[in-house]
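Participant: what's the 3D shape of this:
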Amino acid sequence: MTTTRKDVWTGLAALALVASTACGGSGDMAGGANPGGTVGAAATVKGTVQSFSGGLVVNGVAFRTSGATIRDDGGPPASLSGESEVRGRVGEGEVVTVRGRIDDGGASGEATEIEVHHSVEGEVEAKGPGVVIVAGTSVSVDDSTTVADRNGNPNES
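Facilitator: I've put the predicted structure just below:
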C-alpha cells in the first residue's frame, strides 16, 4: 500500500481533532482573534503554498498569519503585521513550514512561525530556454539550477 501526502494529512488532522477534543481546547489564543473556531492542537505543516484564499493555504489548511514570525531560508525573523503582508514575502508554489495551531475543524488555523524555503515543488508544466513552469509558477533557471524528483534524486532531463 502506498501512503500519499493526503493520507498522512488526513491522519494528522484526525489526530489533532482527537487531541484537542480530549484536552478541551481553550477557544482563545495569544496574538489575536480566532474567527475559525476553537483552537486545536499544535501543528507543524510543511508543503507548497496553494493559495491565499482565506489565509496562507498549505496542505489544504488556511492559516491566519497576522502576528506570525516569518523567516526566509534561515535569515533573520520578521513579524507580519497583517494578513496581506505574507503575500509580499512568499508566492504560490513555494515551499514553507508553518508552525502554529490548527482549529478543531481542521480547515483553518493560526500560524505563529513561517519558514520560507524558496524552493518550488510540483509538476513541470512547461519548459523553455531559461525558464520552467512549476505548479503555475514561472521559475528562472540557469546552469546552477538543481532539479530533483519527488524522492530528492537529481533529474538530468
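Participant: Distance of the residue lying farthest from the centre of the chain relative to Ala62?
Facilitator: In the chain, Pro129 marks the outermost C-alpha relative to the chain mean, sitting 29.6 Å out by C-alpha atoms, centre = their mean. Taking C-beta to C-beta, to the nearest Å as the measure, Pro129 falls 37 Å from Ala62. For every residue, glycine as well, the C-beta is placed using N, CA and C.
Participant: on that earlier part again, what's the spacing between the residue farthest from the centre of the chain and Val58?
Facilitator: Pro129 is 32 Å from Val58, by C-beta to C-beta.
Participant: Distance check, the residue sitting nearest the centre point of the chain against Asn155.
Facilitator: In the chain, the residue lying closest to the centroid (C-alpha atoms, centre = their mean) is Val58, at 3.5 Å. Distance from Val58 to Asn155, counting by C-beta to C-beta: 24 Å.
Participant: Go ahead and confirm the residue nearest to the centre of the chain touches Gln50.
Facilitator: Yes. Here Val58 reaches Gln50: they are 6.6 Å apart, a contact under C-beta atoms under 8 Å.
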